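Engineer: Got a predicted structure plus its sequence, pasted below:
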Amino acid sequence: QVRLVESGGGLVQTGGSLRLSCAASGNILRIYTMEWYRQAPGKQRDLVAGVTSGGSTNYADSVKGRFTISTDNAKKAVYLQMNSLKPEDTAVYFCHVVFGSQGVSLPRGAWGQGTQVTVSS
């Protein structure tokens, strides 16, 4: 079994900052990608930022220059530093990891439980 545990969400005023964390544990032999998604009420879940095992990153246009994704490979953790937050950043944020496991031939994906980020105007 693979488990992702997220933390760091909360309530912040416009212009403030938050740092989200997501730690993976379980049968993980190799991590291919680590990503953050978000889902606002009544909307679809969208990719916010992602990083590959090679260190390549990508960001949604709406967060470029404000959010930074980073990892700690030893801890199997991914972080999202969010600065200059706006009310439209309000959503539940989910981490997603694509990984390989011992005894499993194909890569699999896992989701965290989500953490609420609320930005007040």
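Structural biologist: Ah, there it is.

Engineer: what residue lies at the spatial centre of the chain?
Structural biologist: residue 36 (2.6 Å; CA atoms, centre = their mean).

Engineer: Quick check: residue 81 vs residue 62, distance?
Structural biologist: 16 Å (CB to CB, to the nearest Å). In this view, the C-beta of every residue, glycine as well, is placed from N, C-alpha and C.

Engineer: correction: residue 74
Structural biologist: 31 Å.

Engineer: So these two - more neighbours on which side?
Structural biologist: Neighbour totals were compared for residue 74 and residue 62, and residue 62 leads with 13 against 6 (other CB atoms under 10 Å).

Engineer: residues touching residue 45, list them.
Structural biologist: 37-39, 94 (CB atoms under 8 Å, 6 or more residues apart in numbering).

Engineer: among those residues, who's most crowded?
Structural biologist: residue 38 leads these on contacts (other CB under 10 Å) with 24 neighbours.

Engineer: strands paired with the host helix or strand of it, and their directions?
Structural biologist: Take DSSP states H and E as the rule and residue 38 turns out to sit in strand 30-39. Based on DSSP bridges, the pairing partners of strand 30-39 within the sheet are strand 46-52 (antiparallel), strand 91-100 (antiparallel).

Engineer: so which of those comes closest to residue 21?
Structural biologist: Between residue 21 and those, the shortest separation by CB to CB is 8.7 Å, and it involves strand 91-100.

Engineer: Restricting to C-alpha, output stretch 59-77 in CSV.
Structural biologist: Taking Å, rounded to 0.1, in the frame of the first residue of the first chain, the C-alpha atoms of stretch 59-77 are listed here in CSV:
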residue,chain,number,x,y,z
TYR,A,59,3.3,25.3,-13.7
ALA,A,60,-0.2,26.4,-14.6
ASP,A,61,-0.1,29.8,-16.2
SER,A,62,-2.2,31.2,-13.3
VAL,A,63,0.5,30.4,-10.7
LYS,A,64,3.7,31.0,-12.6
GLY,A,65,6.0,33.4,-10.7
ARG,A,66,4.0,32.9,-7.5
PHE,A,67,4.2,29.2,-6.7
THR,A,68,7.2,27.0,-6.5
ILE,A,69,7.3,23.2,-6.4
SER,A,70,10.2,21.3,-4.8
THR,A,71,11.0,17.9,-3.6
ASP,A,72,13.0,16.0,-0.9
ASN,A,73,13.8,12.7,-2.6
ALA,A,74,15.1,11.2,0.6
LYS,A,75,11.8,11.9,2.4
LYS,A,76,9.7,11.1,-0.7
ALA,A,77,8.1,14.5,-0.2
